[in-house]
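Student: Coordinates for the following, if possible.
(one chain, ligands or ions: 1)
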Amino acid sequence: MSTFTQAPHKLLVIPGPIEVTDEVLYANAHPSVSHTAPDFIPVFGDCIRMLRDILYTTTAQPFIISGSGTLGWDQVASNLVEPGENALVLNSGYFGDSFSECLRIYGANVDEVHAAFGTVASLSLVEKALKSRKYKILAFTHVDTSTGVLSDAKAIAEVVQRVSPATLVVCDGVCSVASEEIRMDAWGLDVVLTAIRRQLSLSDEGCPRDVLLRSWKKWLPIMQAYEKGAPSYFATPPVNLIYAFNESLTQITKRSPSLEERFQLHREASKRIKDTVAELGLKQLALDPAHAANGMTAVYFPAGLGAADVLPRLAKRNVLVAGGLHKDAKERYFRIGHMGVTVTDKQRGDIDTVITALKESIAEAKASQNVVENRARYYPALFPPRACDSHGARQCMSCRPPSPANTQYRAPVAVAARRRDSAFRKRGDRGERTLATPSDAMTSHVQHSCIMDNLIQGHS
Ligand SMILES: Cc1ncc(COP(=O)(O)O)c(C=O)c1O
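Tutor: Now for the predicted structure:
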């Protein structure tokens, strides 16, 4: 047992990468060994076996290939679809767009069933599309990381098997594997792809289906050899990462809490975060709780507030969350990741830390917002409405940095306000009568603030 502990750091609760345990980090620091060394081969082989356990499959062939989650799309596009063949993408957000784009680059004819913002693709539309055309694959994002919407993998696979059994079902599980239940065999999923910095690595089936394998033709004997305990080479695997991966998979499949308990812990943590969000009067992007991810939550900022008001306040409390990503609402929301060790090791108290930081930060941001609103109301000449550079004509406050405490300004400051930074600093013209000593925060506030007539317009 190692005594290694990682350096103190801010809590990373974005929807990937996520916090890792000391043991996983330490495993990554393994001394260099060859990828064909006798000691390393079973480490790789065990990863393959444990991946099957996590996805509840005895038949799928896991492929562990170095690269980020995006490589999974490339693997699917290059191995499963010939140029000119049809692919159906269930698009529930940013990652649906990107998967479609990737398939098109490889020459697939891509049709999409778009989900309304914050919802999943309608199964009746999926069925209609499958009846209208022969599709080689159907791909969907299990949890769309841009919105926190969770698709029903089982129900999607069921529709495909009923309506178009020859179509391969591809699940992008980059943001879901090991935090959401995925039963590959029982549900009839043909391919599940994922990424190590979220939870795991790349896994898929496809070989039993007589599809053209291209690079999988090369990879297949390598995976089979490692599993049998024999050395083999096609491309060098990232040996140290495989050690870390092995440790992570071992924790998930062989130690406490069990995989089933992990899913339950993710559901519980998710509920706590989502209840807090509701308590604070905030709305989630996911409109239907049945389709809200258990490993992350996407939340609209309070009316009139934006990333600059909330995220730095969370960071000040050592909690790092992610901003918005979906093109339709990027500036209007933020994302909290609650997966992996943050959820499964309650002793760390990570979820408590997030909840406390969230409550305090939102309260502080709102209090500061009141100061700004009052200032706009009582000193309209000093703080006139101004179009925001980022949002153009739609004046909003989301770009405004936190306001300073000092609000004791007198009327002549109108001159300074017009002159922005420089007038505050120089105290020129009539400016002698103006301010005490405005802080840098204040000057920058005046420079950037975009106070709108209707303070809450545009922020749900
Ligand atoms: C659902 C989903 N698919 C694919 C990707 C791409 O993964 P990567 O950024 O590791 O290439 C991401 C990244 O966040 C994702 O969330």
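
Student: Tell me how many other residues surround the closest residue to the ligand within the stretch 1-150 of the chain.
Tutor: When scored by CB to the nearest ligand atom, the stretch 1-150 of the chain has residue 69 as its residue closest to the ligand, at 2.4 Å. C-beta coordinates here come from the backbone N, C-alpha and C atoms, glycine included. Using other CB atoms under 10 Å, the number of residues around residue 69 comes to 22.

Student: The residue nearest to it when sequence neighbours are not counted and residue 316, how far apart?
Tutor: The shortest distance from residue 69 to any residue other than its chain neighbours is 3.4 Å, reached at residue 195 (CB to CB, 6 or more residues apart in numbering). Look at residue 195 and residue 316: by CB to CB, to the nearest Å, they are 30 Å apart.

Student: returning to what we had before: close enough to count as contact, the residue nearest to residue 69 and residue 16?
Tutor: Yes. With contacts counted by CB atoms under 8 Å, residue 195 reaches residue 16, the gap being 7.4 Å.

Student: need the residues of the stretch 101-250 of the chain near the ligand, please.
Tutor: Taking CB under 6 Å from any ligand atom as the contact definition, the stretch 101-250 of the chain meets the ligand at 141, 145, 172, 174-175, 195.

Student: hang on, the earlier thing: more crowded one of residue 195 and residue 316?
Tutor: It is residue 195, of residue 195 and residue 316, that has more neighbours when counted by other CB under 10 Å, with 22 against 14.

Student: so how far is residue 224 from that one?
Tutor: In this view, residue 195 and residue 224 are 23 Å apart by CB to CB.

Student: before we move on, what about residue 136?
Tutor: Following CB to CB, the distance that separates residue 136 from residue 224 is 25 Å.

Student: Could you check which of those two has the larger neighbour count?
Tutor: Remark: of residue 136 and residue 224, residue 136 carries more neighbours, 19 against 14, as counted by other CB under 10 Å.

Student: The more buried one touches residue 170, doesn't it?
Tutor: No. Judged on CB under 8 Å, residue 136 makes no contact with residue 170 at a distance of 10.0 Å.

Student: Find the residues that touch each one of these two.
Tutor: The contact sets of residue 136 and residue 170 overlap at residue 80 (CB atoms under 8 Å, 6 or more residues apart in numbering).

Student: for stretch 171-186, the distance to its chain's centre please.
Tutor: 15 Å (CA atoms, centre = their mean, to the nearest Å).

Student: Report the mean per-residue pLDDT for that stretch.
Tutor: The average of the pLDDT scores along stretch 171-186 is 96.

Student: Kindly report the same for stretch 368-381.
Tutor: Stretch 368-381 comes out with an average pLDDT of 78.

Student: As a check, name the ranges of all strands in the chain.
Tutor: Taking DSSP state E as the test, the strands found in the chain are 11-12, 86-91, 109-114, 137-141, 143-144, 149-150, 168-172, 191-193, 203-204, 296-300, 319-320, 322-323, 333-337.

Student: what's the fifth one packed up against?
Tutor: Other elements packing on strand 143-144 under the criterion 3 or more CB pairs under 8 Å, 6 or more residues apart in numbering; DSSP states H and E are helix 94-105.
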